[in-house]
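Colleague: Predicted model, plus sequence, below.
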Amino acid sequence: MNTAPDTTAHGLGALLREWRAARRFSQLDLALAADISARHLSYVETGKSRPSREMVARLADALALPLRERNDLLRAAGYAAQYPETPLSAPELARIQRAIDFIIAQQEPYPAFVINRHWDIVQANAAAARVNGFLLGGRASPHANMLRHVFDPADLRAALVNWEDVAGDLIHHLHNEMAAHPSDPVPRQLLAEILAHPGVPQGWRQRDPGQRPSPLLTTIFERDGQRLRFFSSITVFAAPRDVTLDELRIECCFPMDDATAAFCRRLAEENPRA
């Protein structure tokens, strides 16, 4: 074991401590899960020992890290990142992009969105644009982020009948995202921004670890006497080997009643090029 202090390991130690706290692991818990000695892990965290690349991978597995954070852990230990981050527009992901296009096109005439880890809407089908256009009275949304859509009174919030249920569920997921990715500043920035909107309950400022999100998220909208009810399903990529794919999810909205289904079909017939 190399016990000489290694400057590249200090950042690694800080990351490991952050992730142990997020996962509620003691040093012994992580050592047992990674099948190393607690003493060796202590040396790694204090910078007295530089772990091998294989050991970093074992620690990442024990902590169940997403691909981006696995790369961060490797870099902090002085190694090259393992997983690429490829734009969806790149030729390497052309087949994935075609699959995404197919999924959201098949969802017509009902809305579908492609969302990244920060709730940015990176792609949507025509039905999403038609429904949003109706709910916003023909105005374009001021945002391209799902959280901002829901929390801004000038956006979809004004038409969202069960706003408190939907917003509360999103807040719960945002707090979980902050706990799961302690080194990522974006969820904290998003939380501060959306909490600044009027009418947000004070209790939402703190994470409630005992709260469980609803297994089926429903959204109920109303405008000009027309009520629309949807439930959503989420599709993710299994065993991705790219950071971009690891962080994407496809949300498909389905009508909960015949009236909603008929209205969506009528919107599509009236706006065939939308």
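Modeller: Great, that's in hand.
Colleague: which sections of the chain are below the confidence cut-off?
Modeller: Low-confidence regions of the chain, defined by pLDDT under 70, span residues 1-10, 208-215, 272-274.
Colleague: Pick out the residue nearest the middle of it.
Modeller: By C-alpha atoms, centre = their mean, the chain has its centre lying nearest to Arg117, at 2.9 Å.
Colleague: Correct me if wrong, but that residue is in a strand.
Modeller: No. Secondary structure of Arg117 (DSSP: H, G, I helix; E, B strand; the rest coil): coil, not part of a strand.
Colleague: Next, work out how far apart the nearest residue to it once chain neighbours are set aside and Asp184 are.
Modeller: Spatial nearest neighbour of Arg117, excluding adjacent residues (C-beta to C-beta, 6 or more residues apart in numbering): Glu247 at 4.1 Å. (Each C-beta comes from the backbone N, C-alpha and C, glycine too.) According to C-beta to C-beta, to the nearest Å, Glu247 and Asp184 sit 11 Å apart.
Colleague: With neighbour numbers in mind, choose between those two.
Modeller: Glu247 (19 against 16; other C-beta atoms under 10 Å).
Colleague: what's Glu222 sitting at in phi/psi?
Modeller: Dihedral angles of Glu222 (phi, psi; degrees, to the nearest 10) stand at phi -150, psi 130.
Colleague: Same check on the one 4 residues further on?
Modeller: Backbone dihedrals for Gln226, given as degrees, to the nearest 10, come out at phi -100, psi 120.
Colleague: count of residues packed around it?
Modeller: Gln226: 13 neighbours (other C-beta under 10 Å).
Colleague: helix or strand for the closest residue to it other than its chain neighbours, which one?
Modeller: Using C-beta to C-beta, 6+ apart and skipping residues adjacent in sequence, the residue nearest Gln226 is Phe263, 6.3 Å away. Using DSSP states H and E, Phe263 sits in helix 258-270.
Colleague: and that helix, how far from the chain's centre?
Modeller: Distance, stretch centre to chain centre, for helix 258-270: 30 Å (C-alpha atoms, centre = their mean, to the nearest Å).
Colleague: Tell me the buried residues in it?
Modeller: Thr260, Ala261, Phe263, Cys264, Leu267, Ala268 (16 or more other C-beta atoms under 10 Å).
Colleague: next one: stretch 139-154
Modeller: Buried residues in stretch 139-154, counted by 16+ other C-beta under 10 Å: Ser141, His143, Asn145, Met146, Leu147, Arg148, His149, Val150, Phe151, Asp152.
Colleague: Can you tell me which of those is nearest Arg17?
Modeller: Leu147 (28.7 Å; C-beta to C-beta).
Colleague: Format the CA atom coordinates belonging to the host helix or strand of that closest one as CSV.
Modeller: Applying DSSP H and E as the criterion places Leu147 in helix 146-151. Taking C-alpha atoms only, helix 146-151 is exported to CSV below (Å, rounded to 0.1, in the frame of the first residue of the first chain):
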residue,chain,number,x,y,z
MET,A,146,-40.7,21.3,-16.6
LEU,A,147,-40.2,22.7,-13.1
ARG,A,148,-40.5,26.3,-14.4
HIS,A,149,-43.6,25.3,-16.4
VAL,A,150,-45.3,24.1,-13.2
PHE,A,151,-44.2,26.7,-10.7
